[in-house]
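Asks: Got a sequence here, can you model it:
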Amino acid sequence: MAIKLDMAKAYDRVEWHFLQAMMQKMGFCPQWINWITSCMKSVTYSFNCNGEIKGFVTPGRGIRQGDPLSPYLFLIRSEGFSSLLRKAEGRNEIKGLRISRQGPIITHLFFADDSLIFCKASIHQANEIMKLLKTYEEASGQLINLDKSAIFFSKNMNLEQRKEICSALGGMVEMTQEKYLGLPMVITRTKDQVFGFIRDNIRRKLQDWKNKLLSTASKEVMLKVVSMAMPTYAMFCFNCQGSCAKTLLHLWLTTGARSLVEKGVIKRIGNGKSTNIWEYKWIPGSSSGKPSTPRPLNSSLKIVHELIIQKRWDRNTIFRVFNQSDGERILSIPISSIGREDSYFWQHNAGGCYSVSSGYKLLMEENNSTEKAKLGKAGPSIMEESQQLKQIWNTLWKLNIKHKIKLFIWKCIKGALPVREAIFRRTGMGDSICRACGESQEIVEHLLLNCPNTLDIWKVTPIQWDGARDQQGDFKRWWSKISEAKTRLEGAQHIGLTANILQVWKERNKKDFENQNRCPPVKTMNKAQKEWMKQEKQGKTKDSMSTGEIAVNQTVHQQEHEDEGIIILEVNTTSQQRQPSFGVGAIARTYQHTRIVEWALKERTLGTKILDDAVAVKLVLSKAMEQHWDRIKILFHNKELLRQLRHQSSSESRLATLVDDITELQKMFCMCSFELVSEENMTNCKRLSFYALGILVNEEWYFPQCT
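Replies: Below is the predicted model of the structure:
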């Protein structure tokens, strides 16, 4: 059986003399004991009565809750009880719990004032436990709260035996839903009820926050840091209960997310053994992802693997079964050279993995397309207004300014800013007149652009522009003019005007809610400019750091392993319009520019420059393996391909397949690195790739090395 003990006022009932005796027994020096005792005896308490501090109480025992020293002192006190249990075990008065046949015997687990005792479920051992508790209480001053303590029995104990043992232990009750270190001690089949406290705690937290005035940022922190962290500890120790998983699945299905995922998922071909030709979406570029060719009645083709011969597409079979359009698309799909299994690939996110963000963007694109079709029927003016609003949002969210300024501008445009006119219109409370001037209604345009107090701030702003002055009656049009000015060279600084409007709002709130006097216009403007310059400085520092890091990385890669043992491989591709193939030129040389071998290769183009370059790098790696080279460096001039090889974040399934193959082939070498070079430094390789466009079969030239 297991006994969970509840200590009544555990910290408050610690006797100082017992703690001193324990420290002496454990071998602490007298000076140290005196220091600790002085810390405990220096405590005094006073009471707050109706806002007045009264009383002066000096305690005679106990240690303070929250003091960083208190948990360690409590552990020293608990060592006395632990010693009693170990001695009783040594005298065979109690028998602990053994987890396995060869495992150690456990009699107790202590964590501060949370105590668990394990022993054999018998009247004799229950009496021995009570004797030990009595001895410990008399010596230490602790008091066991028997009403809150509980017992857990194994399944082979009948009800009568359980009652007798509970009676022998002072009337303790059997454990039902007790917790130890914040986790349930008894896990039953109904895990939803056992872990229901997590759901209840989160709901209670959310209800408490509703009664507090929290800023937008505070609410975000509460949700992400507090609420989302609450179930982490319990779920880390236990598997999620089945009903919880079913609830999540039900939410997933009812929201229609499954159909959303099906729209954006495609089968990425590896070896083609698990992809049905006619039922799965596996052809990139096709509107449905499936073949547009009707299934022939006399065809026995079923899986994609049947269209592949020796890791290459069977062109004859493909053009015999499929139409020209499907055939061209199928031949543009690279086949894995490493025999990788087919897999699902999400086409709308880097790396091919589904995310809520990418799913949301896909839904928004579909909604925008639907709205665009409706607006086209409604009329050109409404269509133009919708396009203008979309352009405003795109410009706003891409600006390199603080997120709080973006959110503030969004509220102004959407009419969500709590100005007096909006509050009065929605609730009927207060009045709608501006308190600063007392002349007009406090709407967004008046408060931020037209109020006399605000105009004084605009007059002293160092950046002046008359281009948006005629639009001050409509904030959305004013902001549209400001964002348009940003795209012009002479108006690039005008976006800094957005810092002023946030500062105007802050000054208004200080006056209304904190009863502070408004700052002079020059001081308000200086605050806005200072915040804006700080943001610009951070942006420039970040850009300069990124540039520096790239330069350092290039320098490191240029100097890495540059010795005579490395084979340098230059790769270049050339393609021409309306030609189904592209040429690959590759030169293998030593670090001293001594040529070893040259290749002129011809391959079917996959449609884009980066795909063709990836195919070329893959071919050259295969050629290097045939030569049994173990240390190579590959040079090419496709910056995007180099980024994909380093981060593997492609949202194109064909490129992802090629990058995976290149990465696996890279592992076959002792050292294999990729480096970016300019096209001007690869003239010979480029000339070779042009030559490869006119060949019928691949060609290669070897250059014997002089010894």
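
Asks: May I ask you to confirm that residue 74 is in contact with residue 14?
Replies: Yes: taking Cβ atoms under 8 Å as the definition, residue 74 is a contact partner of residue 14 at 6.9 Å. To be clear about C-beta, it is placed using only N, CA and C from the backbone, and glycine gets the same treatment.

Asks: so what sits against both of the two?
Replies: Common contacts of residue 74 and residue 14 (Cβ atoms under 8 Å, 6 or more residues apart in numbering): residue 63.

Asks: Tell me which stretches of the stretch 301-450 of the chain form strands.
Replies: Under the criterion DSSP state E, counting those that start in this stretch, the stretch 301-450 of the chain carries strands at the ranges 308-309, 312-313, 343-346.

Asks: Determine which stretch of these is the most buried.
Replies: Mean neighbour count (mean count of other Cβ atoms under 10 Å) peaks for strand 343-346 among those, with a mean of 19.

Asks: any idea of the mean pLDDT in that strand?
Replies: Here strand 343-346 scores 89 as its mean pLDDT.

Asks: And the strands in the stretch 51-200 of the chain?
Replies: Using DSSP E, counting those that start in this stretch, strands in the stretch 51-200 of the chain cover 52-57, 97-98, 105-106, 108-111, 114-118, 150-152, 173-174, 179-180, 183-184.

Asks: Residue 259: neighbour count?
Replies: 9 (other Cβ atoms under 10 Å).

Asks: what packs against the helix or strand hosting it?
Replies: Per DSSP states H and E: residue 259 is located in helix 257-264. On a contact count with 3 or more Cβ pairs under 8 Å, 6 or more residues apart in numbering; DSSP states H and E, helix 257-264 meets helix 356-378.

Asks: average pLDDT across the helix it packs on?
Replies: Mean predicted lDDT for helix 356-378 stands at 76.

Asks: Centre of the chain to it, how far?
Replies: 26 Å (Cα atoms, centre = their mean, to the nearest Å).

Asks: quick one, it and helix 257-264 angle?
Replies: 80 degrees (axes from the mean of the first three to the mean of the last three Cα atoms, to 10 degrees).

Asks: And helix 356-378, what does it pack against?
Replies: Here helix 356-378 touches helix 257-264, helix 380-398, going by 3+ Cβ pairs under 8 Å, 6+ apart.

Asks: Now with 6 Å, please.
Replies: Contact analysis of helix 356-378 by 3 or more Cβ pairs under 6 Å, 6 or more residues apart in numbering; DSSP states H and E lists helix 380-398 as its packing neighbours.

Asks: remind me which residues of the stretch 301-450 of the chain are low pLDDT?
Replies: For the stretch 301-450 of the chain, applying pLDDT under 70 flags the ranges 374-386.

Asks: Quick check: end-to-end length of stretch 10-23?
Replies: 19 Å (Cα to Cα, to the nearest Å).

Asks: let me fix that: stretch 565-579
Replies: Where stretch 565-579 starts and where it finishes are 39 Å apart, if you go by Cα to Cα.

Asks: contacts for that stretch?
Replies: The contact list for stretch 565-579 (Cβ atoms under 6 Å, 6 or more residues apart in numbering) reads 582-589, 605, 612-613, 616-617, 620, 629, 631-636, 682, 685-686, 689-690.

Asks: Likewise for stretch 424-437?
Replies: 420, 421, 440, 441, 442, 451, 452, 453.

Asks: contacting residues for residue 330?
Replies: Counting by Cβ under 6 Å, 6+ apart, residue 330 has contacts residue 318.

Asks: buried set for stretch 86-98?
Replies: Of all the residues in stretch 86-98, those buried under the rule 16 or more other Cβ atoms under 10 Å are 88, 89, 93, 94, 96, 97.

Asks: Can you tell me the closest non-neighbouring residue to the fourth one?
Replies: If you skip the residues right next to it in sequence, residue 94 has residue 119 as its closest partner in space, 4.5 Å away by Cβ to Cβ, 6 or more residues apart in numbering.

Asks: Tell me how far that neighbour lies from residue 165.
Replies: 10 Å (Cβ to Cβ, to the nearest Å).

Asks: ok, back up a step: between residue 74 and residue 14, point out the one with more neighbours.
Replies: residue 14 (22 against 19).

Asks: Against which helices or strands is the helix or strand hosting residue 645 packed?
Replies: Taking DSSP H and E as the definition, residue 645 sits inside helix 639-647. Secondary-structure packing of helix 639-647 (3+ Cβ pairs under 6 Å, 6+ apart): helix 609-626, strand 671-676.

Asks: Go again with 7 Å.
Replies: helix 609-626, helix 653-666, strand 671-676 (3 or more Cβ pairs under 7 Å, 6 or more residues apart in numbering; DSSP states H and E).

Asks: what would the ones you listed look like in CSV with distance to residue 45 and mean neighbour count?
Replies: As requested, the helices and strands packed on helix 639-647 are exported to CSV (distance: least, Cβ to Cβ, whole Å; neighbours: other Cβ atoms under 10 Å):
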stretch, distance to residue 45, mean neighbour count
helix 609-626, 73, 20
helix 653-666, 66, 21
strand 671-676, 69, 17
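
Asks: Mean pLDDT and distance to residue 317 for the ones you listed - can I get that in TSV?
Replies: Formatted as TSV, the helices and strands packed on helix 639-647 follow (pLDDT from 0 to 100; distance: least, Cβ to Cβ, whole Å):
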stretch	mean pLDDT	distance to residue 317
helix 609-626	93	22
helix 653-666	90	20
strand 671-676	92	35
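
Asks: In JSON lines: the ones you listed, plus distance to residue 601.
Replies: Listed next are the helices and strands packed on helix 639-647 as JSON lines, based on distance: least, Cβ to Cβ, whole Å:
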{"stretch": "helix 609-626", "distance to residue 601": "6"}
{"stretch": "helix 653-666", "distance to residue 601": "15"}
{"stretch": "strand 671-676", "distance to residue 601": "19"}
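
Asks: is it true that residue 637 touches residue 681?
Replies: No: judged on Cβ atoms under 7 Å, residue 637 makes no contact with residue 681 at a distance of 8.4 Å.

Asks: Compare the two (neighbour count), which wins?
Replies: A direct count of neighbours by other Cβ under 10 Å for residue 637 and residue 681 places residue 637 higher, at 21 against 12.

Asks: Next one, pLDDT for that one please.
Replies: Residue-level pLDDT assigned to residue 637 equals 91.

Asks: In contact with it, which residues are there?
Replies: Residue 637 is in contact with 676, 677, 678, 679, 682, counting by Cβ atoms under 7 Å, 6 or more residues apart in numbering.

Asks: Go through stretch 501-516 and flag the buried ones.
Replies: So for stretch 501-516, counting by 16+ other Cβ under 10 Å, buried means 501, 502, 503, 504, 505, 507, 508, 511.

Asks: Please identify which of those residues is nearest to residue 359.
Replies: Closest approach to residue 359 among the buried residues of stretch 501-516 (Cβ to Cβ): residue 502, at 32.5 Å.

Asks: ok, the closest one - contacts?
Replies: Neighbours of residue 502 in contact, by Cβ under 7 Å, 6+ apart: 405, 408.

Asks: secondary structure class for it?
Replies: Following DSSP: H, G, I helix; E, B strand; the rest coil, the label given to residue 502 is helix.

Asks: how far away is it from residue 144?
Replies: For residue 502 relative to residue 144 (Cβ to Cβ), the value is 60 Å.

Asks: do residue 50 as well
Replies: In terms of Cβ to Cβ, residue 50 sits 37 Å off from residue 144.
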